[in-house]
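Trainee: Take this sequence and fold it.
(one chain, ligands or ions: 1)
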Amino acid sequence: MRLVLLGKPGSGKGTQAPVLCEKHAIPAISTGDLIRAAIRNETELGKRFKEYTSKGELVPDTLVVEIVAERLTENDCKSGFLLDGFPRTIAQADALATWLQNNDLSLDCVVYIDVPNEILVERATGRRFCSESGKTYHLKFAPPKVEGICDVSGKPLMHREDDKEEVVAKRLAEYDEKTSPLVDYYKSRDLLKQVNGVGSMDEVTTRIADSLR
Ligand code: AP5
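Mentor: Predicted structure coming up:
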């Protein structure tokens, strides 16, 4: 199974990805996670990424395409993969299509998690995460058992720099301008499944599973 999860910032891509990956036994490839790891490790690429992510802007297509293409050649992607947060521009979608064609592969489906902006700001600003376990929480919708502490690692939870309200607004504007055209792009290729992302996490999981049946 080769899947793309499409949706605005905070729509639930990162929440739904592990459930789908476990079900279909495929790895999740999140460009956001790859980019944040490069920033954390202070690599040369990471320093360049930070200039964009801290302002809520997309990083340049050529840099993202390069890291995704490299990741897709790893062994665990042979059985398929789930792309979370990639592609995010028409140029990235075209690059992915070319990569797939060159490797005699194709996408099975693009799941678009649809959530209105007013809900997204609350979801993003209330998000907390653990850099050790990778688990994501929400202050209101998915709180940890002990306030501020990861259930899995016992480490303090962190707030993403780009989850501040003013940066979230910029990320949503970037989405509208550069990513939203992908809905029609994949619709016209008969790959798009649109799922209502409003409701509990379990409800959204069920809707996605139904859309893939
Ligand atoms: P990235 O990390 O991909 O961020 P994003 O797409 O903005 O998505 P988020 O991680 O914010 O949200 P999500 O949809 O995963 O939501 P989540 O499940 O966590 O990218 C970050 C940055 O990296 C970009 O701004 C850009 O600069 C750069 N970048 C990344 N990819 C790039 C690319 N391809 N090209 C160029 N630049 C790129 O949920 C959010 C919160 O809501 C959580 O707290 C969760 O617990 C909660 N929640 C989830 N579902 C529900 C629900 N149903 N009900 C209630 N709460 C819920």
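
Trainee: Centre of the chain to the helix or strand hosting Ile113, how far?
Mentor: If you go by DSSP states H and E, Ile113 is part of strand 109-114. Relative to its chain's centre, strand 109-114 lies at 11 Å (Cα atoms, centre = their mean, to the nearest Å).

Trainee: Wondering if the helix or strand that it is followed by reaches the ligand at all.
Mentor: Downstream of strand 109-114, the first helix or strand assigned by DSSP H and E is helix 117-125. Yes: counting by Cβ under 6 Å from any ligand atom, contacts between helix 117-125 and the ligand involve Arg123, Ala124. In short, each C-beta sits where N, CA and C put it, glycine included.

Trainee: How about the contacts made by the closest residue to Pro9 other than its chain neighbours?
Mentor: Nearest residue to Pro9, sequence neighbours excluded (Cβ to Cβ, 6 or more residues apart in numbering): Arg171, at 4.4 Å. By Cβ atoms under 8 Å, 6 or more residues apart in numbering, the contact list for Arg171 reads Pro9, Gly56, Ala124, Asp162.

Trainee: Closest residue of the chain to the ligand?
Mentor: Gly32 (1.9 Å; Cβ to the nearest ligand atom).

Trainee: Need phi/psi at Arg189.
Mentor: Backbone dihedrals for Arg189, given as degrees, to the nearest 10, come out at phi -100, psi 10.

Trainee: Use 48 as the first number for this chain going forward.
Mentor: Fine by me, first position is 48 from now on; the one you just mentioned is Arg236.

Trainee: For it, give its distance to Gly244.
Mentor: 22 Å (Cβ to Cβ, to the nearest Å).

Trainee: top of the contacts of Arg218 by neighbour count?
Mentor: Highest neighbour count within the contacts of Arg218: Pro56, with 26 neighbours (other Cβ atoms under 10 Å).
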